[in-house]
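Trainee: Here is the input, now give the coordinates:
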Amino acid sequence: MSKINKGIATLCIAVLFFTSVFIPQAVVNAQEEKDVHITLLATSDIHGRSMPWDYATDGPNLTGSLTQLYTIIKDIRKENPNTILLENGDLIQDNSAELFNDQPQSPMMVAINEMGYEAWTYGNHEFNFGLDVLDKVSSQFNGARLAGNVYKENGERYLPAYTIIEREGVKIGVIGMVTPMITEYEKGTDHLKGLVVKNPVEETKIAVKELEGKVDIMIGLIHMGLENENGVKGTGVRDIANAVPELAAIFAGHNHVLINKEEVNGVMITEPNRYGTHISRIDLTFTRQGEQLILKEKDASTIPVKNEDGSFVESDKGLEETLKPYHEFTRADANIEVAQLKGTNLVPKNEIIGIPSVQIQETPLSDFFHEVMLHYSKADVVAHQIDNDKAALNVGPIKKKDIAYNYQFAGGEVSVYEVTGKDLKDYMEWAVSYFNSTRDGDVTVSFDKTRRASKYSTNDFFGNVKYDIDLTEQSGNRIKNLRKLDETPIKMEDHLKLGMNAYRMDFLLSKGQALEGRKFNMIWSSKDESAYGETGGTIRNLAIRYLKEEMKGVYEPIIKNNWKIIGVDTKSPARAAVVELINKGILAIPASEDGKYTNIASINVKDSITGQEKEQLAAKANVDASQFARVKTTGEFYQKLVKALNAPKAEQEKETEKPAEKPTNPSKPTPEKPQSEKPAVTQPKLTKGVVTAYHLNVRSNPSSKAKIYGTISKNTEITILGEEKGWYKISYKGKTAYVYSKYVKVNGK
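Mentor: Next comes the predicted model:
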């Protein structure tokens with residue numbers, strides 16, 4: 001063999017050796033490098049929480065915000081540069097975000113641009129302010145805006161149904177749909193004028209067809225909850241997942257619930273609750289097979305702002321600094337004083353710690369909102385809800401933030417419906433199903449656990465009527481003695497004008513609810529352009545208008561006592577013992593297992609008590625349990641426990657009690673001033689006046705602290721006998737009495 005041939009042979013052997021030894025390893029390494037890991041993050045239902053601040057109360061709220069989520073997002077981007085950030089709707093409404101609708105920039109847009117969001121699916125609350133405002137605000141966003149099931153009347157899509165986002169060669173189709181319930185929510189407004197809202201299930205199918213061959217994977221960014229809303233088909237993402245298995249995963253929203261991960265028909269679903277408390281995460285791992293990218297793994301989770309140790313994720317300081325001008329603007333607005341509250345606080349102190357008085361009794365606060373609603377709506381009956389167990393408004397200045405704090409549904413309005421007495425009573429019966437029925441021996445009012453945990457979690461209050469709530473009865477038969485203010489009974493066939501929130505009405509009309517299948521004519525809405533408009537027509541803003549324009553900046557509540565709860569023992573010594581033990585932290589208010597929902601059962605004083613219960617409560621009270629050995633009932637035990645609890649202090653006081661000192665001769669009482677020395681009272685000729693308040697207190701003396709003899713209804717004509725210290729002197733049921741002159745219009749003035 002020649003040297004050349006030997007060289008060629010040697011080279012061939014070397015090539016074969018290199019190929020057999022090194023190439024397979026290189027192939028393995030190349031295969032590993034071809035795996036691509038992509039992380040998608042989505043927020044939903046932020047509702048104006050740009051900063052960790054509650055602008056309704058003008059105080060910090062660390063439970064969730066965009067600035068805190070940004071800290072989490074930055075950490076995930078460091079972990080995986082292939083991270084995509086998405087927003088799933090209800091971003092620009094609530095927590096005073098709407099203040100910026102007529103400003104050059106919205107802080108929500110400033111925030112999501114700086115955070116690097118790439119797509120935003122509209123939520124139902126995006127449409128609350130009309131299309132002009134929505135276009136003005138949303139046009140500030142740098143990313144893609146989606147609403148695939150919303151069309152123009154000419155057949156064109158209002159916004160795209162999808163956007164394509166690419167990372168390391170992987171093309172991801174993000175499909176955006178909004179709940180079709182927006183047609184119900186915006187009924188009676190022109191906010192959807194020129195638009196047609198279609199079925200999101202069918203529109204998702206269309207979008208999938210359009211994306212076929214253009215992307216490697218498809219993800220839903222859909223502002224709908226997991227389940228259908230109000231029993232309407234095609235309003236939940238479960239229906240979409242079952243109909244469109246081509247989707248790898250869905251980011252859900254709208255329902256304000258937390259779904260870490262749920263799989264439906266092979267489609268992974270996650271939802272991040274509300275108000276920036278969590279962010280949803282979907283992880284996708286792709287591998288290349290030839291020219292194709294194949295989804296190898298997928299997973300979903302949610303990440304909370306609250307850490308396991310109870311602390312909260314730190315807010316991003318850089319983003320906070322960017323948002324500072326908007327933060328200060330909003331705080332200044334929240335602190336604008338609109339009136340002075342005089343006379344009495346609007347919410348009495350809770351008698352029992354853990355049982356909110358604002359939910360179990362008529363309060364001047366609920367009466368105030370009724371007064372506002374009645375004034376502007378001219379309805380016969382009004383209804384509203386107070387969603388805040390800690391509602392409070394004390395004597396002194398009333399600021400805008402106080403109204404927002406006590407009426408927390410930012411979009412709530414007054415819409416007037418034509419109903420019958422039966423419709424009203426059926427609604428009221430549903431409302432009071434919020435409470436548990438009581439049995440003999442119950443001494444506290446408690447809340448139905450299921451209702452307490454639901455989206456519609458409060459009792460509704462009804463104004464301009466009188467009624468009792470009998471909790472000894474089962475749900476559906478609790479409203480007793482329903483009547484008008486003049487004591488005329490409301491008959492089932494009566495025709496009434498009912499003023500209430502349209503969102504609540506839509507729920508009551510839905511499948512399985514109190515007014516299912518009925519149809520009512522809406523004759524007026526405070527949000528009508530012919531009334532007070534989208535912003536001015538909210539109950540919050542109507543309340544501010546009322547205080548400023550009608551009350552002239554001074555409000556003195558009038559106690560109406562139009563309704564009460566009956567069927568609960570509130571007078572017995574055993575109940576008094578229960579109140580003391582609860583307020584001292586010895587006896588606990590029943591709560592759900594996770595502690596999230598409190599006061600879910602009434603406390604009874606006629607039940608038998610176990611030895612273990614006696615020992616546990618005696619230990620809490622730091623008294624000897626053996627003294628209660630013969631006690632058999634809870635009520636007897638609670639009373640004896642209170643006596644034992646207070647005994648040491650009582651005994652100590654007895655032992656240290658000093659003999660009473662002889663009283664010194666008291667000085668003679670100052671004789672009453674003669675009539676001539678009393679404050680001068682002008683005595684003009686008898687004049688007539690008309691009451692302008694819905695109910696005007698009649699008092700024994702010219703003072704807001706004087707005894708109340710009774711009330712006079714609006715438009716009642718009275719004879720004025722004189723004037724003293726800003727009060728009119730009148731004759732009332734044979735007595736000399738006084739009414740505040742501010743609420744009386746004198747003829748000729």
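Trainee: alpha carbons only for contacts and neighbour counts from here, please
Mentor: Will do.
Trainee: what ranges do the strands span in the stretch 201-350 of the chain?
Mentor: Applying DSSP state E, counting those that start in this stretch to the stretch 201-350 of the chain gives strands spanning 217-223, 249-251, 258-264, 267-272, 278-289, 292-304, 337-341.
Trainee: So, low pLDDT: which residues of the protein?
Mentor: Within the chain, the stretches with pLDDT under 70 are 1-33, 455-457, 648-686, 693-695, 713-714, 748-749.
Trainee: returning to what we had before: check the strands of the stretch 201-350 of the chain for me and report the most buried one.
Mentor: Most buried of these, by mean neighbour count (mean count of other C-alpha atoms under 10 Å): strand 249-251, with a mean of 30.
Trainee: That one pairs with which strands, parallel or anti?
Mentor: Here strand 249-251 has these sheet partners by DSSP bridges: strand 217-223 (parallel), strand 267-272 (parallel).
Trainee: Name the surrounding residues that touch that strand.
Mentor: 42, 88, 218-222, 237, 267-271, 280, 282 (C-alpha atoms under 8 Å, 6 or more residues apart in numbering).
Trainee: I'd like the strands of the stretch 201-350 of the chain written out as JSON lines, with distance to residue 489 added.
Mentor: Output for those, formatted as JSON lines (distance: least, C-alpha to C-alpha, whole Å):
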{"stretch": "strand 217-223", "distance to residue 489": "45"}
{"stretch": "strand 249-251", "distance to residue 489": "52"}
{"stretch": "strand 258-264", "distance to residue 489": "46"}
{"stretch": "strand 267-272", "distance to residue 489": "48"}
{"stretch": "strand 278-289", "distance to residue 489": "50"}
{"stretch": "strand 292-304", "distance to residue 489": "53"}
{"stretch": "strand 337-341", "distance to residue 489": "34"}
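Trainee: Identify whichever of the ones you listed lies nearest to residue 357.
Mentor: Among the strands of the stretch 201-350 of the chain, strand 337-341 comes nearest to residue 357, with 19.7 Å by C-alpha to C-alpha.
Trainee: Tabulate the CA atom coordinates of the closest one in CSV.
Mentor: Provided in CSV are the C-alpha atoms of strand 337-341 (Å, rounded to 0.1, in the frame of the first residue of the first chain):
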residue,chain,number,x,y,z
GLU,A,337,-64.2,67.8,53.3
VAL,A,338,-67.8,67.8,52.0
ALA,A,339,-69.8,68.3,55.2
GLN,A,340,-69.9,68.3,59.0
LEU,A,341,-71.7,65.5,60.9
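Trainee: ok, it: who's next to it in the sheet?
Mentor: When DSSP bridges is applied, strand 337-341 pairs with strand 396-399 (antiparallel), strand 554-555 (parallel).
Trainee: most packed of those strands?
Mentor: Highest mean neighbour count among those (mean count of other C-alpha under 10 Å): strand 554-555, with a mean of 20.
Trainee: The residue lying closest to residue 563 once chain neighbours are set aside: which element?
Mentor: Nearest non-adjacent residue to residue 563, counting by C-alpha to C-alpha, 6 or more residues apart in numbering: residue 467, 4.9 Å away. Element membership of residue 467 [criterion: DSSP states H and E] is strand 465-470.
Trainee: who does that strand touch, helix- and strand-wise?
Mentor: Applying 3 or more C-alpha pairs under 8 Å, 6 or more residues apart in numbering; DSSP states H and E, one finds that strand 465-470 makes contact with strand 479-484, strand 563-566.
Trainee: Quick one: end-to-end distance for stretch 213-226.
Mentor: Stretch 213-226 has an end-to-end distance of 28 Å (criterion: C-alpha to C-alpha, to the nearest Å).
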